[in-house]
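S.K.: Generate a structure from the sequence data that follows.
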Amino acid sequence: MHFDLDQIDPKIGYKLMTSTVTPRPIAWVTTLAPQGTVNAAPYSFFNVMGHTPPTLVLGLLADPDKGFKDTAANILDGGEFVVNLVSEPLSAQMNITTMDAPRGFSELDAAGLTPLASRHVAPPQIAEAPVSFECQTFSTLVTGPHQAIAIGRILSIRIDDAFVLDADRGYVDTPAMQLIARMHGSGWYARSTDLFQMTRPTFADWQSGAMPDADARNE
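M.R.: Numbering: from 1, shown residues only. Presented below is the predicted three-dimensional model:
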C-alpha cells in the first residue's frame, strides 16, 4: 500500500514513520529553565550527523494546544543542552521523565536522578547515564507549525570509565552499556543484545566474486 502523506491525517503519518523507522536511539535531554529548574525528557527523533564539527540533531515536536514542552522551549531559548544516553537499568527512571508534568517541574528530581555539573554548558548531565554529550545549539530550523529541528554542536563527551577500553584509540565497550532504543507503538523499546557482524566488501571483492561470507556472526 502507498501512503501519500499530504492526503492523510498527520497523526497517521506519525504512526507510520515511528512504526517503521526503528530502532531509534534515545536522547535523554537535560536542559536548564530560566528560573534554574533542571528538566529532563527523552526524544527518539535523534541521531549524530557529523564529526567535523561533531554534531547531533533533535526533532522537537510541540503539542498543538500547549506548545513546546519545557525541554524543547529551553533548547530553543537557551541554546544549550545535554544529551544523555539510556541504559536498560535506567529505563524505569527514563520512563518517569516521559510523564506530562506541569511547567517548571523537575523530572530529574522526580526520577531520583543525580545532576552532574557539565564542563562547557549550564545544563547538568545525568550522572547515572553511561554517556553524556554536552551541546551548544548550532542551528535551529522550524519545519512546521508544531515542530522544529535543533542541530547541536557537541562540545564534549563523558563516557563512564567502566566502558572505556582504550581512550587513546577511542575504543568503547558498547555492548556493555546496555543501551536501549525506541520501537513501534506506545511504550515499546528494544535491547541491543542480539547482534551480528558482517565484513564490508571491497569493489575488488565484488569484481572477483570473492565476497565476504554474508552469514552473520552472532554475538
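S.K.: so residue 23 sits right up against residue 182, yeah?
M.R.: Yes - with contact defined as C-beta atoms under 8 Å, residue 23 reaches residue 182; the gap is 6.5 Å. All C-beta spots, glycine's among them, are computed from the backbone N, C-alpha and C.
S.K.: Overlap of the contact sets of those two?
M.R.: Overlap between the contact sets of residue 23 and residue 182, as judged by C-beta atoms under 8 Å, 6 or more residues apart in numbering, is given by residue 190.
S.K.: per-residue confidence for residue 65?
M.R.: Residue-level confidence at residue 65 comes out at 81, pLDDT.
S.K.: picking that back up, residue 23 and residue 182: who's more crowded?
M.R.: For the pair residue 23 and residue 182, the greater number of neighbours falls to residue 182 (22 against 17), based on other C-beta atoms under 10 Å.
S.K.: The most centrally placed residue in the chain and residue 64: what is the separation?
M.R.: When C-alpha atoms, centre = their mean is applied to the chain, the residue found nearest the centroid is residue 27 (2.3 Å). With distances taken as C-beta to C-beta, to the nearest Å, residue 27 is found 23 Å from residue 64.
S.K.: Output the below-cut-off pLDDT ranges for the protein.
M.R.: 212-219 (pLDDT under 70).
S.K.: can you pull the contacts of residue 156?
M.R.: Residues counted as contacts of residue 156 (C-beta under 8 Å, 6+ apart) are 118-120, 133-134.
S.K.: Out of these, which end up buried?
M.R.: The neighbour-count test (16 or more other C-beta atoms under 10 Å) applied to these identifies 118, 133-134 as buried.
S.K.: Neighbouring strands - and their directions - for the strand or helix carrying residue 158?
M.R.: With elements taken from DSSP states H and E, the one containing residue 158 is strand 147-159. Each strand paired with strand 147-159, and its direction, by DSSP bridges: strand 54-61 (antiparallel), strand 131-144 (antiparallel).
S.K.: count of residues packed around the residue nearest to residue 112 when sequence neighbours are not counted?
M.R.: The spatially closest residue to residue 112, leaving aside those adjacent along the chain, is residue 93, at 6.6 Å (C-beta to C-beta, 6 or more residues apart in numbering). Other residues lying near residue 93 total 20 when counted by other C-beta under 10 Å.
S.K.: Residue 140 and residue 61, how far apart?
M.R.: Residue 140 sits at a distance of 14 Å from residue 61 (criterion: C-beta to C-beta).
S.K.: Fine, thanks again, bye for now.
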